[in-house]
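Undergrad: Fold the following for me, if possible:
(one chain, ligands or ions: 2)
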Amino acid sequence: MAQSVFDQMPKVMGHRGACGLAPENTLASIQKAADLGTKFIEIDVCLTQDNVPIIHHDMNVRRCTDGEGPVLLKSLDEIKALDAGSWFSDDFRGERIPTLQEALALISKLGLGLNLEIKPTMGWQLPTAEQVAHELIADLPENMPLLFSSFSEETLRSTSATLPDVPRGYLTEAVPLDWERRLRDTGCASLHCQKEFVTAENVAAVKAAGYKYLVYTVNNVAMAQKFLDWGVDSIITDFPDRMFAGLKLDEKAVTSA
Ligand code: G3P
Ligand code: MG
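TA: Numbering: from 1, shown residues only. Ligands and ions are numbered 1, 2, ... in the order given. Presented below is the predicted three-dimensional model:
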């Protein structure tokens, strides 16, 4: 059995690469995270019209490119024609939306771990989960620590069937009252909670039940330190540099399992 992904998960995880410092979910953002010393990143994956998994957060390309319209109604060629960098800064003009394959190749080359958030357009949960799994089954990068996460229970269940050995994280904003049943039913190994809804009591309960606890998106060092002191396993941040500079970390890279 391969080493658990959680044994290799650091306290600090880059959000959409390092999206405070480079345009989110691009190869430049992944590279920036690595340049800062980040060992594990989160990125979002969704599907194009021609069934290609690409790395993008929103259902519409409007916010993060020079285009307009739903990702799911665009071919890969149309997606690749978009500028995904200049909305962030002129320094990134010409940056493209990467495919999952392109992102995996870079992440693998950089030796990073990956929290792959599967973010289907609503209604397209199963095709998205199935196509992402299909690509990964065909070409699972060797030795890459890999965790799936999703807000969609349907998506989590699907990947549990297609790729049972890849652990899953249950993404939520507020913590459902029946969180334990939901984690069990979706076969999740971790709970990923929005920072506003994290409490010391809930962290203790989730950890006591044997699950890992991740929090997003924390850009304030004092808040991150508080969560880590409560026993949170990893903080997902837009600014890994701030966290490395300000947190009391035993070591930058790896948690105690
Ligand atoms: O995976 C953590 C976080 O990325 C979930 O929210 O909207 O930033 O994808 P969002
Ligand atoms: Mg995400």
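
Undergrad: and stretch 158-172, how far apart are its ends?
TA: 18 Å (Cα to Cα, to the nearest Å).

Undergrad: quick one: contacts of that stretch?
TA: 2, 4-6, 115, 117-118, 125-126, 129-130, 132-134, 136-137, 146-151, 156, 179, 182-183, 186-194, 197, 212, 214 (Cβ atoms under 8 Å, 6 or more residues apart in numbering). All C-beta spots, glycine's among them, are computed from the backbone N, C-alpha and C.

Undergrad: Can you tell me the centre-most residue of the protein?
TA: Glu42 (2.6 Å; Cα atoms, centre = their mean).

Undergrad: could you flag which of the contacts of stretch 158-172 are buried?
TA: Burial by neighbour count, 16 or more other Cβ atoms under 10 Å: within the contacts of stretch 158-172 this picks out 5-6, 115, 117-118, 125, 129-130, 132-133, 136, 146-151, 156, 179, 182-183, 186, 188-193, 212, 214.

Undergrad: out of those, which touch ligand 2?
TA: Applying Cβ under 5 Å from the ion to the buried ones among the contacts of stretch 158-172, one finds that Glu117 fall near ligand 2.

Undergrad: From ligand 2, how far off is Met243?
TA: Relative to ligand 2, Met243 is positioned 17 Å away (Cβ to the ion, to the nearest Å).

Undergrad: and the helix or strand hosting that residue, which residues are buried?
TA: If you go by DSSP states H and E, Met243 is part of helix 240-246. Applying a neighbour-count criterion of 16+ other Cβ under 10 Å, the buried positions in helix 240-246 are Pro240, Asp241, Arg242, Met243, Phe244.

Undergrad: Using PDB, list the CA coordinates for stretch 132-151.
TA: Extracted as PDB, the C-alpha positions of stretch 132-151 are listed here (Å, rounded to 0.1, in the frame of the first residue of the first chain):
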ATOM      1  CA  VAL A 132     -11.800  13.000 -14.700                       C
ATOM      2  CA  ALA A 133     -11.500   9.500 -13.400                       C
ATOM      3  CA  HIS A 134     -11.100   8.100 -16.900                       C
ATOM      4  CA  GLU A 135      -8.100  10.400 -17.600                       C
ATOM      5  CA  LEU A 136      -6.600   9.600 -14.300                       C
ATOM      6  CA  ILE A 137      -7.000   5.800 -14.600                       C
ATOM      7  CA  ALA A 138      -5.400   6.000 -18.000                       C
ATOM      8  CA  ASP A 139      -2.500   8.000 -16.700                       C
ATOM      9  CA  LEU A 140      -2.200   8.300 -13.000                       C
ATOM     10  CA  PRO A 141       1.000  10.100 -12.300                       C
ATOM     11  CA  GLU A 142       3.300   7.800 -10.300                       C
ATOM     12  CA  ASN A 143       4.000   8.800  -6.800                       C
ATOM     13  CA  MET A 144       1.900  12.000  -6.800                       C
ATOM     14  CA  PRO A 145       0.100  12.400  -3.500                       C
ATOM     15  CA  LEU A 146      -3.500  12.800  -4.700                       C
ATOM     16  CA  LEU A 147      -6.800  13.700  -3.000                       C
ATOM     17  CA  PHE A 148     -10.100  14.400  -4.600                       C
ATOM     18  CA  SER A 149     -12.500  16.900  -3.100                       C
ATOM     19  CA  SER A 150     -16.000  18.100  -4.100                       C
ATOM     20  CA  PHE A 151     -19.100  19.900  -2.900                       C
END
